[in-house]
Every structure is written in structure tokens, then in C-alpha cells.
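Novice: Got a sequence here, can you build the structure:
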Amino acid sequence: MTESSHPEVLVSPLRSRPALAGLLAALLVAACTGSGAQPSGSAAEATASASPTDSAAPTASTPAEPVRLVVGLGYIPSVQFAPFYLAQQEGWYEAAGVEVEFQNKIDPDLITLVGQGAIDVGIGDGTSVIPAVSQGIPVRYLATIYGQFPNVVFAKAASGITAAADLEGRKIGTPGRYGSGWVMLQALLGSAGLTPEDVEIVEYPDFTQRAAVEQGAVDAATGFANNEPVQLELGGETAVVLRIDDITPLPGPGLITGTSTLETKRAAIEAFVATTLRAMDAIRTDPELGLDAAIEAVPELATAREAQLAVLEATIESWTGTAQASGGLGAIDQAGWTTSIEFLTSLGLVPNPVTVDDLVETGVSRGDY
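Specialist: Numbering: from 1, shown residues only. Here you go, the predicted model:
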């Protein structure tokens with residue numbers, strides 16, 4: 001994801017827990033009163049008239065027999081997947097004519113399995129989808145989950161880091177030189193005329209870079225906006241977050257499927273997308289609803305309910321970027337994808353040319369097409 005201009009990096013100093021909750025609550029209220037909050041498009045129209053707490057009723061387009069869909073969520077079961085848990089527990093998927101089985105796979109494996117048809121639908125990061133399709137893996141991006149790119153660089157406010165230029169000569173922790181976090185870091189450094197050679201990269205393959213920041217072993221680290229900096233705040237530190245969104249519109253994680261699966265199960269895929277967006281909207285209105293669903297699915301989350309709610313609220317905030325603010329949850333920023341292709345190509349990650357039409361399946365998620 002690239003952008004022709006390089007505006008100043010957005011710096012988001014996270015507040016103490018009460019202030020964070022207040023800020024996110026205000027954002028949620030504003031988001032819920034905005035236009036385009038309801039799912040739309042060919043699949044969404046079947047569920048748009050139902051309230052978030054009503055069971056979805058079968059429509060004329062609902063298959064008589066449920067269609068089984070294997071859904072790869074990625075990573076490990078967590079509160080960030082609350083919309084999927086809620087839709088399943090409330091019977092919304094079943095009412096929409098789909099029978100869902102969740103699986104957890106890491107992103108590179110997931111995209112390959114989706115392309116092979118072994119998994120019907122998955123959450124795939126746009127920065128992984130572009131190189132995958134370029135290499136011949138037949139997948140399509142259907143709907144945006146994270147409208148704000150979730151990968152960030154975070155640091156303690158006491159570090160004095162407030163912009164990308166402040167990273168020069170600093171130690172930066174990261175799980176490794178791969179994936180969306182690494183792509184984001186290169187873009188962030190590039191916005192200040194820096195490269196990875198201008199900083200000291202410290203790798204944490206066991207994903208312990210947050211602890212390294214807390215202990216002062218590194219000055220900053222890559223992570224997710226809805227995870228590490230939130231946890232840092234809950235531990236009593238004031239965090240500073242450097243985001244890439246205002247520099248390069250990298251496409252965040254969204255729902256993907258294989259081209260063959262889309263051909264054979266299109267109606268079920270459309271129903272799944274629409275129902276998932278409906279659950280996201282319900283949780284955006286009432287985060288506690290999503291937290292309860294996540295705890296029912298992953299009981300151990302109940303041992304840190306306040307922390308999990310903070311992570312969920314930060315996750316909800318990340319669902320809405322510029323495209324979703326105008327086009328509704330799930331909307332895809334096609335112009336952003338174009339510049340993203342250009343940026344990843346400049347990094348040598350796109351071996352064969354691709355276009356947005358090769359990556360994005362129109363007409364499935366929302367009316368941004």
C-alpha cells in the first residue's frame with residue numbers, strides 16, 4: 001500500500017484505562033449514528049431489516065439445506081473474533097443457510113488452504129493476499145474487517161518517540177522480517193526517509209516484543225493497535241502509537257475465499273459475509289454483547305474481563321477507516337489497493353503483475369463497488 005504523498009505520521013497516545021474507554025465509547029457512539037452502518041449488497045439485504053438481537057429469518061434466497069463452510073480465523077481463539085462467535089451462538093449463520101466450522105491457522109498457511117479449497121472462507125491480510133495472487137494462488141478478497149491497518153509501531157511515551165523520524169538509530173523489536181508487520185515498518189520508516197538499515201532490528205520470534213518494550217530492552221516494537229499498546233496501558237505505562245494509515249493505505253485483514261469455492265458456494269459465501277457484518281454492527285453498538293460471546297467461546301478470557309473488553313473496544317475502533325466511514329462496515333478501498341500493489345511491487349514482493357480486479361471480488365460485501 002503506497003500513497004503519492006507522505007503526510008505526517010498519525011501519533012495516537014493511548015490514555016489510561018478509564019480515558020481509553022471513554023474515548024472509544026465516544027467513537028462507538030459516533031460510528032453507530034453514522035450512515036452506512038448496516039450491511040448491504042446482494043447478501044446483506046436479506047439480513048439488514050433484522051435488529052441485532054433478532055434471529056435472522058430464512059429468505060427466498062436462503063438454501064433449503066445448510067451449506068457447510070469451513071472458516072479459518074487465523075492465530076488463536078480470542079476476543080477479536082467476537083463477531084464470528086456471536087453470529088454462531090445466536091443462530092444467525094444457521095438462519096442464513098450456512099453451517100460454520102471454525103479453524104485457526106497462521107496467515108501464510110491459511111491463504112494457501114483457502115486457495116486450495118480446503119478452507120472455504122478465511123481472514124487474510126491484504127499485504128499477504130497481493131503477493132499470494134501474484135504467485136498464482138487463486139483467492140479473492142471479499143470484505144474488509146480492519147478498515148484501519150492494525151499493524152503499528154508502539155513505544156512508551158517516555159521514550160520521546162512521537163514520529164517515524166524519531167526511530168532513527170533506535171532499537172526496534174519485531175517477530176521477524178516477514179509479514180504485514182514488516183511491510184508496515186518499512187513503509188513507516190520510508191515516510192521519514194529511513195530504511196531498516198537506519199535502525200537496529202531486534203527479532204522476537206516468540207512474539208515477546210511487548211515485554212521487551214516494557215523492560216527497556218528495545219525502544220519501540222511492532223505490534224497490533226488492538227493488542228500490545230492496550231496491554232502496555234493496562235500495565236500502567238502511557239503508550240505512543242505510530243500508524244501507517246495516513247502515509248500508505250495498506251489493506252488490512254478481511255474475508256477471503258478461493259475462486260473455485262466462490263463459483264460453487266457463492267450464495268452461502270454471500271450470506272456468511274452479510275451475517276458476519278451484521279454481527280460486527282451489533283457488537284459495535286454493544287461491546288459487552290461481543291465480550292460475552294467471546295467468553296462463551298473461549299472461557300479462559302473471563303479471568304481478565306476488563307483487559308479483554310479494552311482489547312475488544314480497540315478492535316472495534318479498527319474496523320472503521322475512511323472507506324468504511326462512508327461505505328459502511330466491510331467496504332473495500334479499491335484506490336488504496338491500487339497504491340498498495342505499487343508499494344509492494346517496489347519492495348519486490350509482487351513477482352508477477354496483478355490488478356485490483358485480480359484481487360477483489362466485487363458485489364459480495366457492500367455498496368462501495
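Novice: contacts and neighbour counts: CA atoms only from here.
Specialist: Will do.
Novice: what ranges do the strands span in the stretch 51-200 of the chain?
Specialist: The residue ranges that make up the strands of the stretch 51-200 of the chain, judged by DSSP state E, counting those that start in this stretch, are 67-72, 98-103, 121-124, 139-144, 151-156, 171-174, 200-203.
Novice: residues contacting the residue nearest to the spatial centre of the chain?
Specialist: Closest to where the C-alpha atoms of the chain average out (CA atoms, centre = their mean) is residue 146, at 3.2 Å. Taking CA atoms under 8 Å, 6 or more residues apart in numbering as the definition of contact, the neighbours of residue 146 are 252-254, 318-321.
Novice: Just the buried ones out of those residues, please.
Specialist: Among these, those classed as buried by neighbour count (16 or more other CA atoms under 10 Å) are 252-254, 318-321.
Novice: so which of the residues you listed would you say is closest to residue 230?
Specialist: residue 318 (12.8 Å; CA to CA).
Novice: Could I get the strands of the stretch 51-200 of the chain in a markdown table, plus columns for distance to residue 261?
Specialist: Listed next are the strands of the stretch 51-200 of the chain as a markdown table, based on distance: least, CA to CA, whole Å:
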| stretch | distance to residue 261 |
| --- | --- |
| strand 67-72 | 10 |
| strand 98-103 | 14 |
| strand 121-124 | 9 |
| strand 139-144 | 9 |
| strand 151-156 | 29 |
| strand 171-174 | 35 |
| strand 200-203 | 37 |
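Novice: Who are the packing partners of the longest helix along the chain?
Specialist: Looking only at the chain and at elements set by DSSP state H, the helix with the highest residue count is helix 259-285. Using 3 or more CA pairs under 8 Å, 6 or more residues apart in numbering; DSSP states H and E as the contact criterion, the neighbours of helix 259-285 among helices and strands are helix 17-32, helix 41-44, helix 82-89, helix 92-95, strand 98-103, strand 139-144, helix 287-297.
Novice: mind redoing it with 6 Å?
Specialist: Using 3 or more CA pairs under 6 Å, 6 or more residues apart in numbering; DSSP states H and E as the contact criterion, the neighbours of helix 259-285 among helices and strands are helix 41-44, helix 82-89.
Novice: which stretches of this structure have low pLDDT?
Specialist: Confidence mapping of the chain against pLDDT under 70 gives the ranges 1-64, 107, 365-369.
Novice: Can you pull the domain assignment for it?
Specialist: Taking automatic domain parsing as the domain assignment, the ranges for the chain are 10-15+149-243, 39-47+62-148+253-359.
Novice: Which members of the buried ones among the contacts of residue 146 are positioned in strands?
Specialist: If you go by DSSP state E, the buried ones among the contacts of residue 146 have residue 254 in strands.
Novice: Residue 333 - nearest residue in space that isn't next to it in sequence?
Specialist: Taking CA to CA, 6 or more residues apart in numbering as the measure, residue 333 lies nearest to residue 323, with 5.6 Å between them; neighbours along the chain are not counted.
Novice: right, and the helix or strand after the helix or strand hosting the one you found?
Specialist: Residue 323 is located in helix 322-327, with elements delineated by DSSP states H and E. Next along the chain after helix 322-327, taking DSSP H and E as the criterion, comes helix 334-346.
Novice: Would you mind writing the CA trace of that next one as PDB?
Specialist: In PDB, the C-alpha atoms belonging to helix 334-346 read as follows (Å, rounded to 0.1, in the frame of the first residue of the first chain):
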ATOM      1  CA  GLN A 334     -10.100   0.000  -4.100                       C
ATOM      2  CA  ALA A 335      -8.000   3.100  -4.700                       C
ATOM      3  CA  GLY A 336      -6.000   2.100  -1.600                       C
ATOM      4  CA  TRP A 337      -5.500  -1.400  -3.000                       C
ATOM      5  CA  THR A 338      -4.000   0.100  -6.200                       C
ATOM      6  CA  THR A 339      -1.400   2.100  -4.400                       C
ATOM      7  CA  SER A 340      -0.700  -0.900  -2.200                       C
ATOM      8  CA  ILE A 341       0.100  -3.000  -5.200                       C
ATOM      9  CA  GLU A 342       2.500  -0.300  -6.300                       C
ATOM     10  CA  PHE A 343       4.200  -0.200  -2.900                       C
ATOM     11  CA  LEU A 344       4.600  -4.000  -2.500                       C
ATOM     12  CA  THR A 345       5.900  -4.100  -6.100                       C
ATOM     13  CA  SER A 346       8.600  -1.600  -5.100                       C
END
